[in-house]
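Colleague: coords please:
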Amino acid sequence: MTPPRLQGSPSGVRVLTVVFLAALTLCSGGCVRRIISSRGFGLLHSQRQRATATTAKRSPLQSSVPDDLVRQIFLRQTRDAYEPLAESKTVSMLETRLRLDSKDVPARLQLASIYERFSLAEQAAEQYKVALDDAAGPSESGLPKNPLQAQSAAEGLARSARSAGQSTAAIPALADFVRRWPVAGVWNELGMLYDDAGDTLHAEEAFRRAVAREPTSESLHNNLGYNLLLQQKTGEAEAEFRRALEINGKSAAAHNNIGTLLARRGEADAAFQHFRMAASDVATAHNNLAVVLLEMGAYERSRNELVKALSARYYFAAPMQNFKLVQELLRQRAELMNAGTGLPLRTISASLARAATPPTSFTQSDARLPTASGVAKPEFSEEP
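Modeller: Here you go, the predicted model:
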């Protein structure tokens, strides 16, 4: 069989070929000027150092476009490019309502809650603050114009401010509102703002006021206990945790907190039982006890608990990560001992373990939820 032929005369094919080559030459000279490379973008520091050393060996022509310039252009082009709510019809409708009536508190609260749900904490805090001002404005009786809406706005403002790292800025608004509408939920939120800002004395006062109004709330007793621990009042703190467990024996936050307190006091077996009641499985309980022991500087005992955790549950990410950490701490301690520094165990723990893990193992509850939220560490707890 004869293979198929291209249609057209040989001379026509030659003409098309010449035209194509000419066009390709023009594009090569006028369209593609330079290939821009950004070797350091998105690399670790050590990788950037190697990339920089390689770049230094290039010719001046190859180095004519600095990596930093390319990175700056990229960041300008991608900044604010991701808008998770840009196409939301609900957000568009709420914004329209607010343009028509800026005092529409329900619309503003709904918009703020959407921002909060999408972890847009600063935007949420801004909307909650405006809603609080509108709903808590002065009335003839001196009470908030709409107490329930104002309470919702105040609690939302506190949550969003903590998430955005703006706790100090939110305190005056909540303190002013709670004096006119002293409900337990807002006192609790104000207490957590004070704790977050480092003002533990005012936080204790706020938590005690919250507990006085809702004495059967385990989360409020837990939060008061957490605050007392921050002040090194361990006896009073333990009493509050045990009171929380009397109210709700399944409170994971209270079990974790009292377990940590007992472990630090040297009662590891009793601590493990509380961790076990708070955790979903035995591996998590061993891991949680190991974290407390690691923070105390008891590295060998911590490693033993991590081995138990990994024996109970293979490829468990948290104890695997903590095991690597404790091995590194043991190695560094051995090097310091060999070097004759004479550093005590606690000093090494403070200088190394604290830098690798959050500063506290204790858990503060959210007034809206009976379980923990807020400051629980990822490797310490398997909170949902």
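
Colleague: list the contacts of Arg97.
Modeller: Arg97 makes contact with 104, 107 under the criterion Cβ atoms under 8 Å, 6 or more residues apart in numbering. For every residue, glycine as well, the C-beta is placed using N, CA and C.

Colleague: what helix or strand is it located in?
Modeller: helix 89-100 (DSSP states H and E).

Colleague: CA atoms of that helix as CSV?
Modeller: These are the backbone C-alpha positions of helix 89-100, laid out as CSV (Å, rounded to 0.1, in the frame of the first residue of the first chain):
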residue,chain,number,x,y,z
LYS,A,89,-24.1,35.2,48.0
THR,A,90,-24.9,35.3,51.7
VAL,A,91,-22.1,37.7,52.4
SER,A,92,-23.1,39.9,49.5
MET,A,93,-26.7,40.0,50.7
LEU,A,94,-25.6,40.9,54.3
GLU,A,95,-23.3,43.6,53.0
THR,A,96,-26.2,45.0,51.0
ARG,A,97,-28.4,45.1,54.1
LEU,A,98,-25.7,46.9,56.0
ARG,A,99,-25.3,49.5,53.2
LEU,A,100,-29.0,50.2,53.4
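
Colleague: helix or strand right after that helix?
Modeller: As the chain continues past helix 89-100, the following element, by DSSP H and E, is helix 105-117.

Colleague: so what touches that next one?
Modeller: With Cβ under 8 Å, 6+ apart as the test, helix 105-117 has contacts from 85, 88, 90-91, 94-95, 97-98, 101, 121, 123-124, 127-128, 130-131, 134-135, 146, 149, 152-153, 156, 159-160, 163.

Colleague: just the buried residues of those.
Modeller: 85, 91, 94, 97-98, 121, 123-124, 127-128, 130-131, 134-135, 146, 149, 152-153, 156, 159-160, 163 (16 or more other Cβ atoms under 10 Å).

Colleague: which of the residues you listed fall in helices?
Modeller: 91, 94, 97-98, 121, 123-124, 127-128, 130-131, 134-135, 149, 152-153, 156, 159-160, 163 (DSSP state H).

Colleague: low-confidence ranges in the stretch 1-150 of the chain?
Modeller: Residues of the stretch 1-150 of the chain meeting the criterion pLDDT under 70: 1-83, 139-141.

Colleague: so Gly266: helix, strand or coil?
Modeller: coil (DSSP: H, G, I helix; E, B strand; the rest coil).

Colleague: same check, this time on Gly142
Modeller: Classified using three-state DSSP, Gly142 is coil.

Colleague: element containing Leu306, please.
Modeller: With DSSP H and E as the test, Leu306 turns up in helix 299-312.

Colleague: pLDDT (mean, whole number) over that helix?
Modeller: What helix 299-312 shows for mean pLDDT is 96.

Colleague: for stretch 216-234, give the mean pLDDT please.
Modeller: On average, the pLDDT along stretch 216-234 is 96.

Colleague: okay, buried residues for it please.
Modeller: Quick answer for stretch 216-234 (16+ other Cβ under 10 Å): 217-230, 233.

Colleague: then that stretch to CSV, C-alphas only?
Modeller: The C-alpha trace of stretch 216-234 is given here as CSV (Å, rounded to 0.1, in the frame of the first residue of the first chain):
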residue,chain,number,x,y,z
THR,A,216,-23.1,24.5,88.1
SER,A,217,-21.0,25.1,85.0
GLU,A,218,-17.9,22.8,84.9
SER,A,219,-16.2,24.9,82.2
LEU,A,220,-16.3,28.0,84.5
HIS,A,221,-14.8,26.1,87.4
ASN,A,222,-12.2,24.7,85.0
ASN,A,223,-11.3,28.2,83.8
LEU,A,224,-11.0,29.5,87.3
GLY,A,225,-8.8,26.6,88.2
TYR,A,226,-6.6,27.4,85.1
ASN,A,227,-6.3,31.0,86.2
LEU,A,228,-5.3,29.9,89.7
LEU,A,229,-2.6,27.6,88.3
LEU,A,230,-1.2,30.6,86.4
GLN,A,231,-0.8,32.2,89.8
GLN,A,232,0.8,29.1,91.3
LYS,A,233,-2.1,28.6,93.6
THR,A,234,-2.1,24.8,93.0
